[in-house]
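Visitor: below are the sequence and a predicted model for it; my questions follow.
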Amino acid sequence: MSKVPFNQEGLDKKREEITSLPEDQLRAQLKEIRFNTRKWTIENFELNEDQLDYFNQMPDEMVAQLGLNTAICFDYDLKLTLEVPDVSSQATARIRICKNTDVRGQVRGHWSEGESPKIDSWSVTVGFSF
């Protein structure tokens, strides 16, 4: 699999690449995204040194949540938004510190007594502030 830029365009390209795989390979990729999120992200996205350092320091629980949400969105063709600030090419950009990571999600669905819940939409937004 190719590495793509760590931005919305790269995420969309990665989704297209994965969802066009044969079913068994698609399921294998979704499993990697879900259970080996950190490794999968590093192998599939072009991260600069600061992003890589920050990502490696993120709590495992947050990384696991990102993996779960990403796998669900890829599998069910649900909206997934990645917000990454533009990083200047100036030397000072290298020393920026990520101040906040925000993961927002919204699930809409319905259910009837005696039936399993039906998910109508699932939206996940990931934002990084420098």
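Guide: That came through fine. Values in this document were obtained by computation on a predicted structure and should not be read as measured data.

Visitor: only C-alpha atoms for contact and neighbour calcs from this point on.
Guide: OK.

Visitor: which parts of the longest helix belonging to the chain are buried?
Guide: Among the elements of type helix in the chain, defined by DSSP state H, the one spanning the most residues is helix 60-76. Of the residues in helix 60-76, those buried under the neighbour-count criterion (16 or more other Cα atoms under 10 Å) are 63-64, 66-74.

Visitor: now residue 4: how far from residue 36?
Guide: Applying Cα to Cα, to the nearest Å, one obtains 18 Å for the distance of residue 4 from residue 36.

Visitor: thought residue 75 was touching residue 29?
Guide: No: because the distance of 10.1 Å does not satisfy Cα atoms under 8 Å, residue 75 is recorded as not touching residue 29.

Visitor: report how many residues lie close to residue 39.
Guide: Look at residue 39: counted by other Cα atoms under 10 Å, it has 12 neighbours.

Visitor: list the contacts for residue 18?
Guide: By Cα atoms under 8 Å, 6 or more residues apart in numbering, the contact list for residue 18 reads 26, 29.

Visitor: ok, now with 7 Å
Guide: Listed by Cα atoms under 7 Å, 6 or more residues apart in numbering, the contact partners of residue 18 are residue 26.

Visitor: which parts of whichever helix or strand it is part of are buried?
Guide: For residue 18, the element it lies in under DSSP states H and E is helix 8-19. Using 16+ other Cα under 10 Å as the test for burial, helix 8-19 gives 10-15, 18-19.
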